[in-house]
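Asks: the amino acid sequence is not available; the structure is as follows:
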Ligand SMILES: O=C(O)C1=C[C@@H](OP(=O)(O)O)[C@@H](O)[C@H](O)C1
Ligand SMILES: C=C(OP(=O)(O)O)C(=O)O
């Protein structure tokens, strides 16, 4: 499958919307989807994945796993099958491996390559080539991986895996599930025990899924919440059946839309409720949101629930820095909720937002200002004061799907339509966003703001 490339930009506008109602489905979780394909590719036997996210980022991971020799196929009913090559069995791809827009895809895959004596050249789109890769290259170099990269450790770059990598003990210096996961996946191909120390808890899908595929992995959490993860290298991973729950990061858009559009009452079905992923729900409830979790249940070893959101009068709050990892991708849409809340919402400790698909602190501040919203930013904080939204602004998305979706939601409550310069980027994580929002009552328009 072709890597997602920079398709022609497609401006898209959203205008004042009637109530959003009914039941809403968002696609499968992106983090779990990447990991299911990767671990499936390293397992023996056939891994069956239901609910896989069929969006640009994950399709690039599927293409990469094929390039490494795994058989990755889709049944007519949307079930995916991965016939793996076994830990240590990855083939050297014949071409460059292009991960498009996907930071998670490329950083985790670099870990997979570490313990295999193969050379792989990675690249990405205009956004991914600007993102920092040193954070994963540094531990990989310590494990014995050879790196050929431009100065600044950006893509494109080539890795040569080590025949016998060294197990390391690695204290993750930034709160990043991608860095943690890269080292753990590198540990799979490494003889001995690889140890990752995680001072700040980040999403734990890699740990959970490694255990599910049969790896010997143990996690200890001390009194200060510091987690020590130990993984025994070179296990035999056994194919699994993975059920991917609905992505809370995608659910964030209809949830916020329903809270801010008067008269709305919307239920998003089967959303992943992993504690490391629900910081936005906690914050919205603190802001006074009428959110209820219904039909709470377990699926694929994770808690899920239907999330019902009703239009609410929101109030500004301070979001503490320690909450950032559990909602890192949701701040752009939180800023939209803050734009209509009473008073100021202060988001603290959000410096990691600056190294996502775009500098999201800067992109959110610029987009809000262009639409008449009062906003201030600092190196690691953003403050938004709510009120009536003038709208009528053009928003630059910088190849960032979450910026595009967030500002279209802002358009639903603005006096004049809000236009994003490129709605095509939404295909990275939520291809049916426009259709699903329209079906629920969302107000898209072809009209371009002046
Ligand atoms: O591990 C993952 O699946 C992800 C981790 C987060 O990135 P960081 O690890 O850079 O914080 C998040 O922003 C990204 O969308 C998905
Ligand atoms: C940051 C994101 O993804 P990634 O790092 O995988 O590109 C995201 O989806 O918001």
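Replies: That came in fine, so what should we check first? The structure displayed is predicted, hence computed values, not measured ones. Ligands and ions are numbered 1, 2, ... in the order given.
Asks: switch to C-alpha atoms for all contacts and neighbour counts from now on
Replies: Fine.
Asks: residue 222: neighbouring residues, count only.
Replies: 9 (other Cα atoms under 10 Å).
Asks: same deal with residue 159?
Replies: Count around residue 159 with other Cα under 10 Å applied: 22.
Asks: OK, contacts around the closest residue to ligand 2 within the stretch 201-350 of the chain?
Replies: Closest approach between the stretch 201-350 of the chain and ligand 2, counting by Cα to the nearest ligand atom: residue 329, at 4.6 Å. With contact set as Cα atoms under 8 Å, 6 or more residues apart in numbering, residue 329 has these partners: 249, 353, 402.
Asks: need the phi and psi values for the nearest residue to the second one once chain neighbours are set aside.
Replies: Spelled out, it's residue 353. Spatial nearest neighbour of residue 353, excluding adjacent residues (Cα to Cα, 6 or more residues apart in numbering): residue 360 at 5.4 Å. Phi and psi for residue 360, reported as degrees, to the nearest 10, are phi -70, psi -20.
Asks: likewise residue 400?
Replies: According to degrees, to the nearest 10, residue 400 has phi -120, psi 110.
Asks: check the gap between the residue nearest to it when sequence neighbours are not counted and residue 26 for me.
Replies: Distances taken as Cα to Cα, 6+ apart put residue 357 closest to residue 400, at 5.2 Å, once the chain neighbours are dropped. Shown here: residue 357 relative to residue 26, a distance of 21 Å by Cα to Cα, to the nearest Å.
Asks: repeat that for residue 249.
Replies: Taking Cα to Cα, one finds residue 249 at 9 Å from residue 26.
Asks: same deal with residue 151?
Replies: From residue 151 to residue 26 the distance is 40 Å (Cα to Cα).
Asks: same question for residue 331.
Replies: 18 Å.
Asks: likewise for residue 298?
Replies: 18 Å.
Asks: who's more crowded, these two?
Replies: residue 26 (25 against 14).
Asks: give the contact list for that one.
Replies: Contacts of residue 26 by Cα under 8 Å, 6+ apart are 246, 247, 250, 251, 268, 269, 430.
Asks: report the beta-bridge partner residues of the first one.
Replies: Just to be clear, that refers to residue 246. residue 28, residue 271 (DSSP bridges).
Asks: so who does it touch?
Replies: So residue 246 contacts 25, 26, 27, 28, 29, 51, 269, 270, 271, 272 (Cα under 8 Å, 6+ apart).
Asks: tell me the pLDDT at it?
Replies: On pLDDT, residue 246 comes in at 98.
Asks: near ligand 1, which residues of this protein?
Replies: The chain comes close to ligand 1 at residues 31, 104, 176, 177, 178, 179, 328, 329, as judged by Cα under 6 Å from any ligand atom.
Asks: ok, now which ones touch the third one?
Replies: To tie it back to what came earlier, the one meant is residue 176. Counted by Cα under 8 Å, 6+ apart, residue 176 has contacts 202, 325.
Asks: quick one: residue 352 is in a helix?
Replies: Yes - according to DSSP: H, G, I helix; E, B strand; the rest coil, the state of residue 352 is that of a helix.
Asks: now do it against residue 321, distance only.
Replies: Computed as Cα to Cα, the residue 352 to residue 321 distance reads 11 Å.
Asks: wait, residue 401 touches residue 429, no?
Replies: Yes - if you go by Cα atoms under 8 Å, residue 401 and residue 429 touch, sitting 7.1 Å apart.
Asks: show me which of the two is the more surrounded one.
Replies: residue 429 (25 against 21).
Asks: list the contacts of the more buried one.
Replies: 30, 53, 55, 56, 57, 250, 401.
Asks: quick one: pLDDT of the closest residue to residue 262 other than its chain neighbours?
Replies: Using Cα to Cα, 6+ apart and skipping the chain neighbours, the partner closest in space to residue 262 is residue 311 (5.5 Å). We have a pLDDT of 98 for residue 311.
Asks: kindly report the same for residue 448.
Replies: On the pLDDT scale, residue 448 gets 48.
Asks: just to revisit the earlier point, so which of the contacts of residue 329 is the most crowded?
Replies: residue 402 (28 neighbours).
Asks: skip the chain neighbours and tell me the closest residue to it.
Replies: residue 332 (6.9 Å).
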